[in-house]
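1. Provided below for reference: sequence and predicted model.
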Amino acid sequence: MKASASPWVVAAALAAASFFTPDSALAQDILTLSNGQSLDAQVLGVSNGNVRLKIGPVESTRPLSQVRAVTMPAPKEFDSAIERWKEGDAPGTLKWLEPLVKNFQGLPAPWVLRASALLGEVKLAAGDTSGAEAAFQSFQTAYPSASGLAAIGLAQLAVEKKDFAGASAKLESVVAEARKTLLAESGKSAEYGKALYLMGRVLESQGKLPEALDDYMLAVTVFYEDPVVVARARERATALTKEKNVVVP
């Protein structure tokens, strides 16, 4: 099953080193520890609550709880996953995305957080509802501070189940914040765009078509960081304006 190329945004190296090219294996990442110390190392992955590292030829671990931030480039597998997702290829996206999340989830690196947040959505598009629910819950556990993204993921699951009241309850605070914002930082803009798109779906189910159109247009014109969400919101906005002659209130 393919996702609609006409949604939304937060990422496949396995524990085995075969997913890395020789050049990437030499790259150094930067870990900022909770005590303020910086550590140059190659991050291999996360397992059993520890970050697996390689410093020179020596492999070691650090407790994940002691790592405040990680600066590391997204691997090419992440870029491949995003490209497949933009094309609406959910199975192709999962091929690259799922191993990445399995190996790196919990790491406080922006691209890992984005990948983890995206996994549930991709599983939904692939028709794996139970897998999507597990992915959203795993994301919520791994990143408790990312409450907005977790709420949006669970709201999307609720929308797919036609539980529009449940979705609305999860989206209200994020959408209210988005509507008061004129310019959002990178990452936050994608979050707002997706929340507005989903709230538009909720409002459509309630027959509030002008309000739904308003949210879709905000996702298209203001919070347009995620091209997949923009495409979905534009598709719904076009349907409302062309087929039902709805205008923004």
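-> Okay, I see it.
2. low pLDDT regions in the chain?
-> 1-27 (pLDDT under 70).
3. that one: helices as residue ranges?
-> Counting by DSSP state H, the chain has helices at residues 22-25, 76-86, 90-104, 110-125, 129-142, 147-160, 164-179, 188-205, 209-221, 227-238.
4. I'd say residue 77 and residue 98 touch.
-> No - applying Cβ atoms under 8 Å, one finds residue 77 not in contact with residue 98, separated by 10.4 Å. The C-beta positions use only the backbone N, C-alpha and C, and glycine is treated the same way.
5. quick check: can you list the domain ranges of the protein?
-> 1-110, 146-243 (automatic domain parsing).
6. related to what we said a few turns ago, neighbour count: residue 77 and residue 98, which is higher?
-> Remark: of residue 77 and residue 98, residue 77 carries more neighbours, 21 against 18, as counted by other Cβ atoms under 10 Å.
7. how close does that one get to residue 142?
-> 19 Å (Cβ to Cβ, to the nearest Å).
8. go on, residue 53?
-> 19 Å.
9. export the longest strand along the chain as PDB, just CAs?
-> Ranked by residue count under DSSP state E, the longest strand found in the chain is strand 38-47. Extracted in PDB, the C-alpha atoms of strand 38-47 (Å, rounded to 0.1, in the frame of the first residue of the first chain):
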ATOM      1  CA  SER A  38      32.000  17.300  25.300                       C
ATOM      2  CA  LEU A  39      33.200  14.000  23.900                       C
ATOM      3  CA  ASP A  40      34.300  13.300  20.300                       C
ATOM      4  CA  ALA A  41      33.400   9.800  19.300                       C
ATOM      5  CA  GLN A  42      31.600   7.800  16.600                       C
ATOM      6  CA  VAL A  43      28.100   7.000  17.800                       C
ATOM      7  CA  LEU A  44      27.300   3.400  16.900                       C
ATOM      8  CA  GLY A  45      23.800   3.200  18.300                       C
ATOM      9  CA  VAL A  46      21.700   2.800  21.500                       C
ATOM     10  CA  SER A  47      21.000  -0.400  23.400                       C
END
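10. which strands or helices does it pack on?
-> strand 29-33, strand 50-55, helix 90-104 (3 or more Cβ pairs under 8 Å, 6 or more residues apart in numbering; DSSP states H and E).
11. list the buried ones in the longest one?
-> Meaning helix 90-104. For helix 90-104, the neighbour count (16 or more other Cβ atoms under 10 Å) marks 90, 92-94, 96-104 as buried.
12. need the residues you listed in CSV with distance to residue 156, can you?
-> Shown next, in CSV, are the buried residues of helix 90-104 (distance: Cβ to Cβ, whole Å):
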residue, distance to residue 156
90, 14
92, 20
93, 15
94, 16
96, 21
97, 16
98, 18
99, 22
100, 20
101, 17
102, 21
103, 24
104, 22
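13. adding distance to residue 202, write the helices and strands packed on strand 38-47 out as TSV.
-> Below are the helices and strands packed on strand 38-47 laid out as TSV (distance: least, Cβ to Cβ, whole Å):
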stretch	distance to residue 202
strand 29-33	39
strand 50-55	39
helix 90-104	23
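14. nearest to residue 211, out of the ones you listed?
-> Evaluated over the helices and strands packed on strand 38-47, closeness to residue 211 peaks at helix 90-104, with 29.6 Å, by Cβ to Cβ.
15. just checking, what packs against the closest one?
-> On a contact count with 3+ Cβ pairs under 8 Å, 6+ apart, helix 90-104 meets strand 38-47, helix 76-86, helix 110-125.
16. return the most buried member of those.
-> helix 110-125 (a mean of 25; mean count of other Cβ atoms under 10 Å).
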